[in-house]
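S.K.: I need the structure of the sequence given here:
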Amino acid sequence: MRKNLSDALLTLCCLSTTLTAQTTWIVDVAAGPGADFTDMPTAIATASGGDTLLVRSGTYTSDCLVVDKPLSILGLADDVVLHCATFQLFSPGMLVRDIPVGQSFVLSRVRLAGNLYNPQLEARFCEGAVLLDTVRNVSPSPSGVAGLQLAFHTCAQVHVHATTASSAGTMTFTNSRGVVTDTTFSQFVATAVTAEDSELTFDGLTLDQSGVIIGLGSPMVLDGGTTRLARCNIVAAATPVITALNQPTILVDPTTTLAPGAGQGTVNGTATVLNGELVTTGRGGSPITPLIELLGHTGALHATFVSFAGNATPSPFGDLWIDPAPGANVLVAVGVFATREASILVPNFGLPAGVVLSMQSLVLDGGLTFGNGVFYLTP
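M.R.: Numbers count the residues shown, from 1 in each chain. Presented below is the predicted three-dimensional model:
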């Protein structure tokens, strides 16, 4: 897998020339200078697969949005609000569907508002990557609903990063695979995370029911599948932390805190719970240079690779999220864990804005272990 660094960088730069031909559009509800569109439905309908929509400050109210092609929707300010004002039973505020293998949908730096009964965003049947980065709820909401509800059904590659909800926040995964990093849901009454027959890694997840008088459900419900918890803090108000159905496998790293309600156990139901040191890849840092946060074994060798986002491929060492093709990945760092955690600054490769890169670390300590992959959107 290791290639000459200069050759790999040249490969990335050459491939990036094909990306510059894709169109970047400006969406501005105020119709300011240089704006191509003033509303989201027209912008989404006009854009071609692979295009980028840069959304200026403001509230964009519309009927439910449907995205059925690879697209990047990037907010240019912290007050960009996508508001679905129409109530349609079983219809999400934004429906993302049928993103093909090797392609991606990106939603970054926006706030979502909608009605209480349907998700603000739902992704269905996506074989490509679905990346939500710094997506938040609106409080107070234009519709009076302050929560953030996200749902993923039969999605092969989901990454939710730095996403927050201050009330009524939920994430639902069904038959999906993905990673949730540095995400916080607080002051929720019912279950915040539900996973059915899914393979998920939570790295830096905070679910906080403290201050809620009556919790109507465990913060997390796991129905089958495999869930890995690292650097998580999950606090229940009056229930167990996790409700287990159909014998899920739960791997818990010592960096995770699970705090059940008074007199409650940690897990309600039958589950295979394995406590031990996990290998994970998280992401932090500035918008310009991402900081890779590794979790591994003290004294172990670690290496981190970057590539264009590929499909997660099962292997004996874990899922391979970077592109395994020769020359398609860049080795950005090699080191030894002085403690269980390590941080790596990933360079900016000079790629155009809106390119989705996949980053993954591996650890060699008597055997080879792949950490989860994480996505990064070039600024």
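
S.K.: Strands of the stretch 1-150 of the chain, residue ranges please.
M.R.: For the stretch 1-150 of the chain, the strands defined by DSSP state E, counting those that start in this stretch occupy 24-27, 51-55, 58-62, 65-67, 71-75, 80-84, 94-97, 104-113, 121-137, 148-161.

S.K.: what would those strands look like in CSV with mean neighbour count and distance to residue 358?
M.R.: The way it works is simple: take the backbone N, C-alpha and C, and place the C-beta from them, glycine included. What follows is the strands of the stretch 1-150 of the chain, written out as CSV (neighbours: other CB atoms under 10 Å; distance: least, CB to CB, whole Å):
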stretch, mean neighbour count, distance to residue 358
strand 24-27, 19, 22
strand 51-55, 22, 18
strand 58-62, 17, 29
strand 65-67, 18, 21
strand 71-75, 24, 15
strand 80-84, 22, 25
strand 94-97, 21, 19
strand 104-113, 24, 10
strand 121-137, 23, 8
strand 148-161, 23, 9
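
S.K.: Mean pLDDT and distance to residue 193 added to those strands, as TSV?
M.R.: Formatted as TSV, those follow (pLDDT from 0 to 100; distance: least, CB to CB, whole Å):
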stretch	mean pLDDT	distance to residue 193
strand 24-27	96	31
strand 51-55	95	28
strand 58-62	93	28
strand 65-67	95	24
strand 71-75	94	24
strand 80-84	91	23
strand 94-97	95	19
strand 104-113	92	17
strand 121-137	93	14
strand 148-161	94	10
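
S.K.: Now render these as JSON lines, adding distance to residue 175.
M.R.: Shown next, in JSON lines, are the strands of the stretch 1-150 of the chain (distance: least, CB to CB, whole Å):
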{"stretch": "strand 24-27", "distance to residue 175": "33"}
{"stretch": "strand 51-55", "distance to residue 175": "29"}
{"stretch": "strand 58-62", "distance to residue 175": "29"}
{"stretch": "strand 65-67", "distance to residue 175": "20"}
{"stretch": "strand 71-75", "distance to residue 175": "23"}
{"stretch": "strand 80-84", "distance to residue 175": "25"}
{"stretch": "strand 94-97", "distance to residue 175": "14"}
{"stretch": "strand 104-113", "distance to residue 175": "18"}
{"stretch": "strand 121-137", "distance to residue 175": "10"}
{"stretch": "strand 148-161", "distance to residue 175": "5"}
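
S.K.: Out of those strands, which gets nearest to residue 275?
M.R.: Minimum separation from residue 275 across the strands of the stretch 1-150 of the chain (CB to CB) falls at strand 148-161, 24.7 Å.

S.K.: Within its sheet, name the partner strands of the closest one and how each one runs.
M.R.: Sheet partners assigned to strand 148-161 using DSSP bridges are listed as strand 121-137 (parallel), strand 169-174 (parallel), strand 177-186 (parallel).

S.K.: Out of those strands, flag the one nearest residue 35.
M.R.: strand 121-137 (22.7 Å).

S.K.: Restricting to C-alpha, output that closest one in PDB.
M.R.: C-alpha atoms of strand 121-137 as PDB (Å, rounded to 0.1, in the frame of the first residue of the first chain):
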ATOM      1  CA  LEU A 121     -32.600  14.900   6.700                       C
ATOM      2  CA  GLU A 122     -33.000  11.300   5.500                       C
ATOM      3  CA  ALA A 123     -30.600   9.400   3.300                       C
ATOM      4  CA  ARG A 124     -31.700   6.300   1.500                       C
ATOM      5  CA  PHE A 125     -30.100   3.600  -0.600                       C
ATOM      6  CA  CYS A 126     -26.700   5.400  -1.000                       C
ATOM      7  CA  GLU A 127     -23.800   3.300  -2.000                       C
ATOM      8  CA  GLY A 128     -21.500   6.300  -2.100                       C
ATOM      9  CA  ALA A 129     -20.500   8.600   0.700                       C
ATOM     10  CA  VAL A 130     -22.900  10.700   2.700                       C
ATOM     11  CA  LEU A 131     -21.000  13.400   4.700                       C
ATOM     12  CA  LEU A 132     -22.600  15.700   7.200                       C
ATOM     13  CA  ASP A 133     -20.200  18.200   8.700                       C
ATOM     14  CA  THR A 134     -21.200  20.900  11.200                       C
ATOM     15  CA  VAL A 135     -24.900  20.400  10.800                       C
ATOM     16  CA  ARG A 136     -27.000  21.900  13.600                       C
ATOM     17  CA  ASN A 137     -30.500  22.500  14.700                       C
END
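
S.K.: circling back: redo the strands paired with strand 148-161 as a markdown table? Include distance to residue 43.
M.R.: Shown next, in a markdown table, are the strands paired with strand 148-161 (distance: least, CB to CB, whole Å):
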| stretch | distance to residue 43 |
| --- | --- |
| strand 121-137 | 17 |
| strand 169-174 | 26 |
| strand 177-186 | 27 |
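
S.K.: burial count for residue 247?
M.R.: 13 (other CB atoms under 10 Å).

S.K.: ditto for the one 10 residues further on
M.R.: Using other CB under 10 Å, residue 257 has 14 other residues around it.

S.K.: Kindly report the same for the one 4 residues further on.
M.R.: As a burial measure, the neighbour count of residue 261 was computed by other CB under 10 Å and equals 20.

S.K.: now residue 373
M.R.: The burial count for residue 373: 26, using other CB under 10 Å.

S.K.: May I have the beta-bridge partners of it?
M.R.: Under DSSP bridges, the beta-bridge partners of residue 373 are residue 360.

S.K.: what do you get for residue 72?
M.R.: Beta bridges link residue 72 to residue 52, residue 106 when assigned by DSSP bridges.

S.K.: any chance you could read off phi and psi for the closest residue to residue 32 other than its chain neighbours?
M.R.: Leaving aside its chain neighbours, residue 32 sits nearest to residue 56 (6.6 Å; criterion: CB to CB, 6 or more residues apart in numbering). Per-residue torsions, residue 56: phi -80, psi 170 (degrees, to the nearest 10).
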